Every structure is written in structure tokens, then in C-alpha cells.
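A.B. asks: give me the fold of what follows.
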Amino acid sequence: MSKPENRTRTTMRTAEPARSGDAGHRKSRHPWVPEDQPTFEIAKLDAVDWLAKLPSESVDLVVTDPAYESLEKHRAMGTTTRLKKSKASSNDWFGIFRNRRFPDLFRELWRVLKRNSHLYVFCDQETMFVVKRAAEEAGFRFWKFIVWDKEVISTGYHYRPRHELILFLEKGKRNLNDRSETDIITARAIRGRYPTEKPVSVSEILIRQSSKFGQVVADPFMGSGSVGVAAIQLGRRFLGNDKSRKAVALATRRLRSCMKSREEVILSRANAKSYIAAPVRAFTRQLVARVEVVTAQRIQAVIARVFGVPQKRGLRRV
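C.D. replies: From the prediction side, this is the model:
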């Protein structure tokens, strides 16, 4: 008998009936806040199984960071201490996604992504060869590697790294929103929180480049939910998944907080506009009335000079 799936549900049409959790989307109580607010839906499933449940061509962009197999190698060597204990390729936060499963993953990613869309996959120098081949076999076009400069040196033995790679893949043909963006993204690595947490600013660049307001961004290995936070802040709808109960709980808290903060920012800006609007409108009316009077005086002066008609008393000659 299969275990019931855990899902935090929104009002999106792609959502299935929820077993637990609450909505990440709600209509605003404030008239100044747009009704079409960003939404999110979170599930606790295996990544491939979760993707298999999504409708075909229902996602506009995928940004994801699988727990690649080489993490176990580095952890065994003692160079990935932030992941701490390992038991059967698992730890307190996430289980390893084996290299042999990447072909299945990319076949599902190809199916759920819409035509003319992008896919970004974080990886290291070992996993990139496996990921690139599996993605191309599924039909994706590999464009290039994007470098994330972490600004801090990581652990290691040979030329200690301070960067991570992001595969830039494409289904169909889609232009980037800003072609002046470089292939090196600089953002300081996050330490002491979720083991492999990525800065929100990195995801924001990728989402801003490859999607538009209101479109759907997905992450089948969402971890702490950084991609979801970036998506909501930019006005996108987010679909997230992770096998870890702790990761799902953490991401849910972050996304709820992000949505609340976003609504408060919109409301404060709207109130500021309302506070300024009344005096501005009054000044504008007075200015228009003055312009109309001056214009009428000028027209009468011109008529008087041309036709020799005396001006009416009370009107000043211009």
C-alpha cells in the first residue's frame, strides 16, 4: 500500500487534491493589492514521480539543484563536511539522486516544459558530463555552462574551488530577456543554514532572464525553497518538490513569509501613492484652470490687435 503524498496546495489548475497543508495563494483583502498574486504549491515526493504527475507542457521554466551522486564521494573523503553524517546515501536533509536516474529525470522535464523554454541545472565538475549527455539524449539543446562565483573558497585538495556550474539548456527556441547579462554570476555562498542552499539572487537572475511575470517556475529538488522565494518575489507562480520532510517544512515557512512580505510591500507602496495622489490632483486642477484663463486672455489680445476690437474691461492686455 503506497504512502499518502504530502502536498501544500494552491488554487492553480495544475494542483491535485491536497492531503495536507494550506493554500499559498489567496485573494487580497486590500483593494490596492492585485488579485492575481503569485502562488506556490509544494509536494513531498520523489522528483521523477512528482514530475510524472504534472500535465505535459505545463511549466515555463525549471531551475533546480539535484543532490548529485558525487556528494557522497566528497563526503566520504571528508571534503563535504557540511552534509555531516551519511547512512545509506542519506543524511538529515536529503537523499542522493543517483546518476543512473538522470535519463528518466530529463525525459520528464522535457515533457512538462512548454515549447520554447529554458532549463537550468546546478552541478559540479564531475556530474556535468553525466547531466549534459542525459539532457541532450532527452532532446534539450546545451548552450553553455554558467559559472556561479561563490566569493569564498570551498573545501578540497587540488585548486580549491570557489565556483559552481549551472547548465543552461533549451527546449525549442527562446531568447533571453537581457542579452547583456554575463555568464558569471557573483553571489556570496550561504553558510550555516541548509546544507546546499543557493542565494536567492542567483535564482533571480535565471528566472528574470528566462520567464515573464505570472509564468510557472518549477524546482523538483527545491531544498530550502530559494528558487521559490525568487519566483514569488518576481511575480511568478512556483511549483516545488522535495523528498525531505524537513526541507518541505522549511520551504513552506519561507514561501509563506515571502508572500506576506510581498503583499505588505505592495500595500505600503499603494498607500504612499494614495497619500500623494490627492494633493497632486488638486494642484493639477488649479494649474489647468490657470492655463485656461491665461490662454483665453492671449486669444482676446490677438483678436484685438488684428481686428482693432477693443478688449473687454477687466481683462489684462498681454
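
A.B. asks: give me the neighbour count for R285.
C.D. replies: Number of residues near R285 (other Cβ atoms under 10 Å) recorded here: 10. Quick note: C-beta positions are derived from backbone N, CA and C, even for glycine.

A.B. asks: in what helix or strand does it lie?
C.D. replies: Using DSSP states H and E, R285 maps to helix 245-307.

A.B. asks: same check, this time on I166
C.D. replies: Assigned by DSSP H and E, I166 falls in strand 163-171.

A.B. asks: and that strand, average pLDDT?
C.D. replies: Averaging pLDDT along strand 163-171 gives 96.

A.B. asks: against which helices or strands is that strand packed?
C.D. replies: Secondary-structure packing of strand 163-171 (3 or more Cβ pairs under 8 Å, 6 or more residues apart in numbering; DSSP states H and E): strand 113-123, helix 127-138, strand 141-149.

A.B. asks: list of residues touching it?
C.D. replies: With Cβ atoms under 8 Å, 6 or more residues apart in numbering as the test, strand 163-171 has contacts from 110, 113-125, 128, 131-132, 135, 139-150, 185, 206.

A.B. asks: ok, now stretch 130-146?
C.D. replies: 68, 99, 102-103, 105-107, 109-110, 119-121, 123, 128, 165-171, 183-185.

A.B. asks: measure that stretch end to end?
C.D. replies: One end of stretch 130-146 to the other measures 17 Å (Cα to Cα, to the nearest Å).

A.B. asks: quick one: buried residues of that stretch?
C.D. replies: V130, V131, K132, A134, A135, A138, F140, I146 (16 or more other Cβ atoms under 10 Å).

A.B. asks: what does stretch 160-168 give?
C.D. replies: In stretch 160-168, counting by 16+ other Cβ under 10 Å, buried: H163, E164, L165, I166, L167, F168.

A.B. asks: and the first one, what are its bridge partners?
C.D. replies: Counting by DSSP bridges, H163 forms beta bridges with D149.

A.B. asks: that one and R133: what is the separation?
C.D. replies: Between H163 and R133 the computed distance is 22 Å (Cβ to Cβ, to the nearest Å).

A.B. asks: same question, the second one
C.D. replies: Here the distance between E164 and R133 works out to 19 Å (Cβ to Cβ).

A.B. asks: partner residues bridging L169?
C.D. replies: Taking DSSP bridges as the rule, L169 bridges to L119, F142.

A.B. asks: count of residues packed around it?
C.D. replies: 26.

A.B. asks: same question, D178
C.D. replies: Neighbours of D178 using other Cβ under 10 Å come to 9.

A.B. asks: what about it, which SS state?
C.D. replies: Here D178 is recorded as coil under DSSP: H, G, I helix; E, B strand; the rest coil.

A.B. asks: which residues of the stretch 51-200 of the chain score low on pLDDT?
C.D. replies: Flagging of the stretch 51-200 of the chain using pLDDT under 70 yields the residue ranges 70-94, 156, 192.
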